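Participant: I'd like to go over a predicted model; first the sequence, then the structure.
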Amino acid sequence: MTGENISTKQLLGTVLAVQANFYRVQMDEVEGVRSSGVQAFRSSEEQRKNQEEKNFSPAPCSLPPAPILLCTRRTRLKKIGQQVMVGDRVIVEEADWAGGRGAVSDVLPRHSQLNRPAIANVNQILLVFAVADPPLEPIQLSRFLIKAESTGVDVLLCLNKCDLVSLEEKQQISDRLLAWGYQPLFISVQNSINIDQIAEYLQDKITVIAGPSGVGKSSLINSLIPDINLRVGEVSGKLARGRHTTRHVELFEMPTGGLLADTPGFNQPDLDCSPEELIHYFPEARVRLATAHCRFSDCIHKDEPDCAVSGDWERYQHYLEFLDDALAHQNQTNQQADPESNLKLISKGKGQSQYEPKLESKKYRRISRKTQLQDLQELYRESED
Ligand SMILES: Nc1nc2c(ncn2[C@@H]2O[C@H](COP(=O)(O)OP(=O)(O)OP(=O)(O)O)[C@@H](O)[C@H]2O)c(=O)[nH]1
Ligand SMILES: [Zn+2]
């Protein structure tokens, strides 16, 4: 990463979208006139500190959008192989404010980088689920949470459609999720409940929104950014969105400050983490591991003796299920790395692993439902293209 010498006169901005060989860059404040990008609308350091303390932050208000320049990338960056990503903080030269053009000359170091969607400097993932319609499926929620935790960025959980359940039901859900280590924010896009609070959480941050289909993500984005024009509840709109965004990632500016990216077509996240790291994506297990140790240093917390993790906590069953996925994924990766081998490495726990012969031919392997479903989805997508 380059960009060590940033002079105060240099123009900085945030890449909102990459279109062919152009970069749409939201520019920071210039000479106290123009508003800034990620750190939008901060006039002083004092204000910044105040707003970081969420409890005392002022209610967000609408502000004029920051200027956007359509930029090329300097040849020097191409030569050194410096990629420019959505979310990147960049130095812009030759700003032509009237013509709306400029050139990206450097990229500042990234503090985070997501791969799917490919966005740099993401501060948090806003995970949206519904309390009902579609029903809240604990294992699905768990899977999304694990996927989100595995990115290393902060996770914010919000539960939409709270208009559909009673206070008691909300309390039950809340208690249950607290035991998982999460404090959900209940919202209703339909009844405008707690939408301002979401806007506050998103202020001055780069947030990626994720969640299963039908929970109200488009509705939420529409209410946060009224002019975004997403088509809510339209089948054609959803398909267009789904296909569109696998190739195209974009950050949208919130009128109250902050940038938001959508992740359509992200219904069943793949858990591709290693079996060893999986446990660390469960906050309730992290607490256990902070106070006790397993007997084996490479314990995978399955059926090893003296394991600090295994036991009586609700999501332990989820852990075991995801562990099987992670082990299967690891085997697959190992086999790909050594396709000639007719042995595969099986983890036996207790710090042991063992080679077993691979099955001779595909006919012995039952096609999993998941694979079948994926095949169907592929076919469906192809027929749509
Ligand atoms: N009762 C209730 N319904 C809501 C609420 N928010 C959204 N809906 C409805 O839920 C349905 C799905 O909303 P969408 O915004 O399309 O959901 P989505 O998460 O974007 O779905 P995908 O596009 O499939 O990813 C729509 O019919 C919305 O009108 C809410 O707060 N309460
Ligand atoms: Zn253990």
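Facilitator: Great, that's in hand. Ligands and ions are numbered 1, 2, ... in the order given.
Participant: Identify the bridge partners of the residue nearest to the spatial centre of the chain.
Facilitator: What sits nearest the mean C-alpha location of the chain, by C-alpha atoms, centre = their mean, is I125, with 4.5 Å. Counting by DSSP bridges, I125 is bridged to V155, V208.
Participant: Likewise for M27?
Facilitator: G13.
Participant: quick one, what contacts it?
Facilitator: Applying C-beta atoms under 8 Å, 6 or more residues apart in numbering to M27 gives the contacts 11-13, 34, 37, 66-69, 92, 95. (C-beta placed from N, C-alpha, C; glycine too.)
Participant: And the pLDDT for G351?
Facilitator: Listed pLDDT for G351 reads 56.
Participant: and the residue of the stretch 251-385 of the chain at minimum distance from ligand 1, how many residues sit next to it?
Facilitator: In the stretch 251-385 of the chain, no residue comes nearer to ligand 1 than P264, which is 5.6 Å away by C-beta to the nearest ligand atom. If you count neighbours by other C-beta atoms under 10 Å, P264 ends up with 21.
Participant: one step back: for the contacts of M27, pick the one with the most neighbours.
Facilitator: Result: G13 is most packed of these (other C-beta under 10 Å), 29 neighbours.
Participant: I'd guessed that one sits against Y23; true?
Facilitator: No: look at G13 against Y23 with C-beta atoms under 8 Å: they stay out of range, at 9.0 Å.
Participant: Now do the shared contacts for the two.
Facilitator: Listed as contacting both G13 and Y23 by C-beta under 8 Å, 6+ apart are V90.
Participant: quick one on the thing from earlier: quick one: the residue nearest to the centre of the chain and K147, what's the gap?
Facilitator: According to C-beta to C-beta, to the nearest Å, I125 stands 9 Å off from K147.
Participant: shared neighbours, those two?
Facilitator: Common contacts of I125 and K147, defined by C-beta under 8 Å, 6+ apart, comprise A210.
Participant: which one is V189 nearest to, not counting chain neighbours?
Facilitator: S219 (4.3 Å; C-beta to C-beta, 6 or more residues apart in numbering).
Participant: pretty sure the one you found contacts S192?
Facilitator: No: using C-beta under 8 Å, S219 makes no contact with S192, being 11.0 Å away.
Participant: Between those two, which has more neighbouring residues?
Facilitator: When S219 and S192 are compared for neighbours, S219 comes out ahead with 18 against 10, by other C-beta under 10 Å.
Participant: how far is stretch 291-311 from where the chain is centred?
Facilitator: 30 Å (C-alpha atoms, centre = their mean, to the nearest Å).
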